[in-house]
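Q: make a model of this:
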Amino acid sequence: MANWQDGYGTLTVGATAVPLEVAASYRARTRGLLGRGGIDGALLLTPAASVHTFRMRFAIDVAHLDRNLRVLAVTTMPPGRLGRPRLRSRHVLEAEAGAMAGWGLRVGTRVKVDVSGRLMRG
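A: Numbering: from 1, shown residues only. The predicted model follows:
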């Protein structure tokens, strides 16, 4: 298991590289995307099995990832919703609604996370 820390990096989906924020501490995961008007790239919450969009200003795409960073489920959530916890989910990836489809991210895709020069494998 990786030693996840708050920070920034790159998410790779196939041949697409996306700016990434990592929220690994309780405080960073709790804050998430609350109060923001949008996000350039994606936010990885770890560990996480579910999310909510209460007090959010925009709809988001949500991907649940297993310990190997393989996508278990992808959904779009409007503001004011409570997402279901997913079995085997260890990480949750969030992005603006529509972004994940543009990256080619779908169930079964395995993503790569590069944080400060270290490739994280989950």
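
Q: beta-bridge partners for the spatially most central residue of the chain, please?
A: Central residue of the chain (C-alpha atoms, centre = their mean): Leu93, 1.1 Å from the mean position. Residues in a beta bridge with Leu93, per DSSP bridges, are Leu44, Ala63.

Q: verify the stated contact: Ala43 with Leu93.
A: For the record, residue 43 is Leu, not Ala. Yes: between Leu43 and Leu93 there is a contact at 7.3 Å, judged by C-beta atoms under 8 Å. For every residue, glycine as well, the C-beta is placed using N, CA and C.

Q: show me where this structure has helices.
A: For the chain, applying DSSP state H gives helices covering 26-31, 99-103.

Q: so what touches the longest one?
A: It refers to helix 26-31. Contacting residues not belonging to helix 26-31 are listed as Asp6, Ala23, Leu45, Thr46, Ala48 [C-beta atoms under 8 Å, 6 or more residues apart in numbering].

Q: CA atoms only for that helix - export them in CSV, please.
A: Presented in CSV, the C-alpha positions along helix 26-31 are these (Å, rounded to 0.1, in the frame of the first residue of the first chain):
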residue,chain,number,x,y,z
TYR,A,26,-8.7,14.0,7.0
ARG,A,27,-8.9,17.8,6.7
ALA,A,28,-8.1,17.8,3.0
ARG,A,29,-10.6,15.0,2.3
THR,A,30,-13.3,16.8,4.3
ARG,A,31,-12.7,20.1,2.4
